[in-house]
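**Student:** Any chance you could fold what I've pasted below:
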Amino acid sequence: LLYYFHLQSREVVSTINSLFNPGFPVYSCITRGPQWIYLGRGQGNVVALNEQGAQRWLFNLIEGYYPEAIAHLDETFAVAYKPFDPFGFRRVQLIEPERMGLIREFPVDGAVLDICRLTSDRTLLLVEENGQGKLMRYTRSLSRYESETGPDNRNFRSLLALGNGQFVIRAPQVVLYQPGSSVRTGQFSTLSSDSAQFVSYDSFTNRVMALRANQAQIISLGGNGGSGN
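**Tutor:** This is a model prediction of the structure:
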């Protein structure tokens with residue numbers, strides 16, 4: 001079951017049931033779009049729910065796959081396909097959400113940890129290859145999938161879009177990333193030299209919160225400084 005928390009009533013209620021697929025997650029991923037919440041399900045589809053938990057949209061994957069990561073990219077919707085067969089090939093599809101029409105498809109060499117919109121033509125992906133998180137870029141107009149950072153050997157673990165063209169990345173230190181117009185031209189700046197398990201962003205105060213163990217660090221992006229609490 002998926003549970004929905006109503007802030008006003010402070011009630012927790014179940015919203016939707018999914019078919020149980022033995023050996024696979026009932027829910028494999030979740031993301032929020034501008035209108036709906038999107039759920040990836042182990043039975044091999046993506047479902048969109050409105051605020052009341054009612055189904056508004058359903059996209060079925062190719063047989064033998066279930067969604068590993070999903071992302072609403074404004075003009076398109078991205079789905080990372082994970083095969084039921086452990087020796088199968090992973091792939092990512094960009095689709096047109098309303099018509100559910102396929103726009104592009106490309107293979108990836110590992111688990112897709114996150115997908116973020118860079119521009120209408122470019123998408124950033126965080127892909128784990130042989131246990132190492134790598135930052136990749138897909139350019140739709142060129143059908144080109146390539147490394148965003150080249151020989152950078154940092155182990156990228158999460159990708160958080162700030163909405164202004166910049167990204168906060170755990171690498172595992174907390175860094176701010178400004179992509180360039182082409183791959184391998186982006187700029188990194190360190191926000192915290194300590195590793196973190198989770199990061200979030202408050203657009204009202206322009207601050208990042210990094211969580212590690214039993215400590216939270218608040219990092220102001222105005223001067224790229226931070227203070228621990």
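**Student:** just for the chain, where's the confidence low?
**Tutor:** 1-7, 10-23, 223-229 (pLDDT under 70).
**Student:** show me what contacts the residue nearest to residue 34 when sequence neighbours are not counted?
**Tutor:** Sequence neighbours aside, residue 72 is the residue nearest to residue 34 in space, at 7.0 Å (criterion: CB to CB, 6 or more residues apart in numbering). C-beta: built from backbone N, CA, C; applies to glycine. Residue 72 makes contacts with 31-34, 38, 97, as judged by CB atoms under 8 Å, 6 or more residues apart in numbering.
**Student:** How is residue 72 assigned, secondary-structure-wise?
**Tutor:** strand (DSSP: H, G, I helix; E, B strand; the rest coil).
**Student:** Would you list the buried entries among the contacts of residue 72?
**Tutor:** 31, 33, 38, 97 (16 or more other CB atoms under 10 Å).
**Student:** out of those residues, who's nearest residue 154?
**Tutor:** For the buried ones among the contacts of residue 72, the closest approach to residue 154 (CB to CB) belongs to residue 31, at 24.5 Å.
**Student:** Dig out what the closest one forms beta bridges with.
**Tutor:** residue 38 (DSSP bridges).
**Student:** can you check residue 215 too?
**Tutor:** residue 212.
**Student:** Look up how far residue 135 lies from it.
**Tutor:** With distances taken as CB to CB, to the nearest Å, residue 215 is found 26 Å from residue 135.
**Student:** any chance of the contacts of residue 72 in TSV, with distance to residue 169 too?
**Tutor:** Output for these, formatted as TSV (distance: CB to CB, whole Å):
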residue	distance to residue 169
31	18
32	20
33	22
34	24
38	23
97	27
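**Student:** Assign a three-state SS to the spatially most central residue of the chain, would you?
**Tutor:** Nearest residue to the geometric centre of the chain (CA atoms, centre = their mean): residue 114, 3.0 Å. Following three-state DSSP, residue 114 is assigned to strand.
**Student:** Residue 69 is in contact with that one, correct?
**Tutor:** Yes: between residue 114 and residue 69 a contact is recorded at 6.4 Å, counting by CB atoms under 8 Å.
**Student:** what's next to stretch 194-202, contact-wise?
**Tutor:** 158, 160, 162, 168, 170, 172-174, 207-213, 217.
**Student:** Nearest spatial neighbour of residue 104, chain-adjacent residues omitted?
**Tutor:** Here the residue nearest residue 104, using CB to CB, 6+ apart, is residue 94, at 4.6 Å.
**Student:** tell me which element that neighbour falls in.
**Tutor:** strand 91-96 (DSSP states H and E).
**Student:** wait, residue 81 sits on residue 93?
**Tutor:** Yes: in this structure, residue 81 is within contact of residue 93 by CB under 8 Å, at 6.7 Å.
**Student:** quick one: which of these two has more around it?
**Tutor:** residue 81 (23 against 20; other CB atoms under 10 Å).
**Student:** which residues does the more buried one bridge with?
**Tutor:** Where residue 81 sits in a bridge, its partners, by DSSP bridges, are residue 67, residue 91.
**Student:** for it, what are its contacts?
**Tutor:** Contacts of residue 81 (CB under 8 Å, 6+ apart): 61-62, 65-68, 90-93.
**Student:** could you flag which of the residues you listed are buried?
**Tutor:** 61, 65-68, 90-93.
**Student:** Can you lay out these as CSV showing distance to residue 222?
**Tutor:** Listed next are the buried ones among the contacts of residue 81 as CSV, based on distance: CB to CB, whole Å:
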residue, distance to residue 222
61, 43
65, 44
66, 42
67, 37
68, 36
90, 39
91, 41
92, 35
93, 39
